[in-house]
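**Student:** missing the sequence, but the structure's below:
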């Protein structure tokens, strides 16, 4: 009798234990599912195409690098990375769109120093680069190259060019990729130091600016090396200067600006960014993949041919670069907005 009672009790205890275990498992499952949806989403990312907004026109320096990176990210993650050119307001429109986008990893930006360190100073923009964006990796860095139309500018060297700009009866016209773009600021400072008479002609990106330079519609374009490299052998174009610290190996006979104006060295970076508050998991995936892409032998070869130095930096290096910008850049901003250039 006692054995029967004990067996019954033991059976009820086993049943209660199983019920409690099941309930506990369900409770824990519910806690996990409700407490970490972002983590689950990050683990599944990317489950659909990712858009990379480029705030410049197709065919320019930034666009070219963005497409190289997009192809490598697509290979890495097995998902489409689509480059979308969203131009306007010198890049502010595309940047604002990214700043307002959901931080889910499906809207990214491939931009330049202009949107981060220049426009917030020179223009009224609807984003704050310090709080609205996450900085993933600088992909590449390059100097600027001064190109002139030979039918409009007879100079064959940088000193001859500067003398020509000072003595030309009518102001010289120079193109840029947009107002307050780096291709506006660098020549503005150069012309300011040279005391030259010039008229600024802004375009919606570097590609159309180069097209009009070659076509003879403007006298000068001081743009990204990658935008002018393909036209270096064009008989209608002549390369007269570079903004790097040392002469470019592609143009060993072309002077640097620093040889005429000591200390005048300016390069630009292009990098991958995301909306602020993107999940750390997705952010880290992108940071690693972007660094790998910039160091891929095929990418390195292509960038070098365009006069671009591959970087593939860390997020920390990206943030430090932005924090350190100033000095000559601020001087160039003042020159560009002084009225003459």
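**Tutor:** It's in. Note that the structure is a prediction, hence the values are computed from the model and not measured.
**Student:** domain map for this structure?
**Tutor:** 45-142+267-331, 143-266 (automatic domain parsing).
**Student:** quote the end-to-end distance of the first one.
**Tutor:** In domain 45-142+267-331, first residue to last residue: 43 Å (Cα to Cα, to the nearest Å).
**Student:** gap between that domain and the chain center?
**Tutor:** Using Cα atoms, centre = their mean, to the nearest Å, the mean C-alpha position of domain 45-142+267-331 is found 4 Å from that of the whole chain.
**Student:** could you do the shortest one as well?
**Tutor:** When C-alpha coordinates are averaged (Cα atoms, centre = their mean), domain 143-266 and its chain have centres 22 Å apart.
**Student:** and that domain, how far apart are its ends?
**Tutor:** 7 Å.
**Student:** gap between the residue nearest to residue 149 when sequence neighbours are not counted and residue 160?
**Tutor:** Of all residues not flanking residue 149 in the chain, residue 216 sits nearest, at 5.2 Å (Cβ to Cβ, 6 or more residues apart in numbering). All C-beta spots, glycine's among them, are computed from the backbone N, C-alpha and C. Per Cβ to Cβ, to the nearest Å, residue 216 is found 19 Å from residue 160.
**Student:** cool, residue 200 as well?
**Tutor:** If you go by Cβ to Cβ, the gap between residue 200 and residue 160 works out to 22 Å.
**Student:** could you pull out the strands for the protein?
**Tutor:** For the chain, the strands defined by DSSP state E cover 50-54, 81-85, 107-112, 133-149, 172-176, 198-202, 220-224, 237-242, 267-275, 309-310.
**Student:** winner for burial among the ones you listed?
**Tutor:** Most buried of those, by mean neighbour count (mean count of other Cβ atoms under 10 Å): strand 220-224, with a mean of 29.
**Student:** buried set for stretch 217-236?
**Tutor:** 218-229, 231-232 (16 or more other Cβ atoms under 10 Å).
**Student:** farthest-apart pair in these, please.
**Tutor:** Using Cβ to Cβ, the buried residues of stretch 217-236 span at most 21.3 Å, a distance reached by 219 and 226.
**Student:** sorry, back to before: now the domains of the chain in CSV, with distance to residue 337?
**Tutor:** Listed next are the domains of the chain as CSV, based on distance: least, Cβ to Cβ, whole Å:
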stretch, distance to residue 337
domain 45-142+267-331, 6
domain 143-266, 8
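**Student:** turn those into CSV, including mean pLDDT.
**Tutor:** Converted to CSV, the domains of the chain look like this (pLDDT from 0 to 100):
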stretch, mean pLDDT
domain 45-142+267-331, 96
domain 143-266, 93
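**Student:** got the contact list for stretch 180-187?
**Tutor:** Stretch 180-187 has contacts (Cβ atoms under 8 Å, 6 or more residues apart in numbering) with 90-91, 112-114, 118-119, 122-123, 144, 146, 174-178, 198, 200, 202, 206, 209, 220-224, 243, 266, 268, 329, 332-333, 335-337, 341.
**Student:** so residue 188 is in contact with residue 332, correct?
**Tutor:** Yes. When contacts are counted by Cβ atoms under 8 Å, residue 188 is listed as touching residue 332 (6.1 Å).
**Student:** shared neighbours of those two, which are they?
**Tutor:** Counting by Cβ under 8 Å, 6+ apart, nothing touches both residue 188 and residue 332.
**Student:** mind listing the helices for the stretch 1-150 of the chain?
**Tutor:** Counting by DSSP state H, counting those that start in this stretch, the stretch 1-150 of the chain has helices at residues 2-35, 37-44, 61-77, 92-100, 113, 119-122.
**Student:** and the helices in the stretch 201-341 of the chain?
**Tutor:** 206-214, 225-229, 280-294, 297-305, 315-324, 328-336.
**Student:** most packed of those helices?
**Tutor:** Neighbour counts (mean count of other Cβ under 10 Å) averaged over each of the helices of the stretch 201-341 of the chain peak at helix 225-229, with a mean of 25.
**Student:** contacts for it?
**Tutor:** So helix 225-229 is contacted by 60-61, 64-65, 142-145, 147, 206-207, 209-210, 221, 237, 239, 242, 248, 250, 305-308 (Cβ under 8 Å, 6+ apart).
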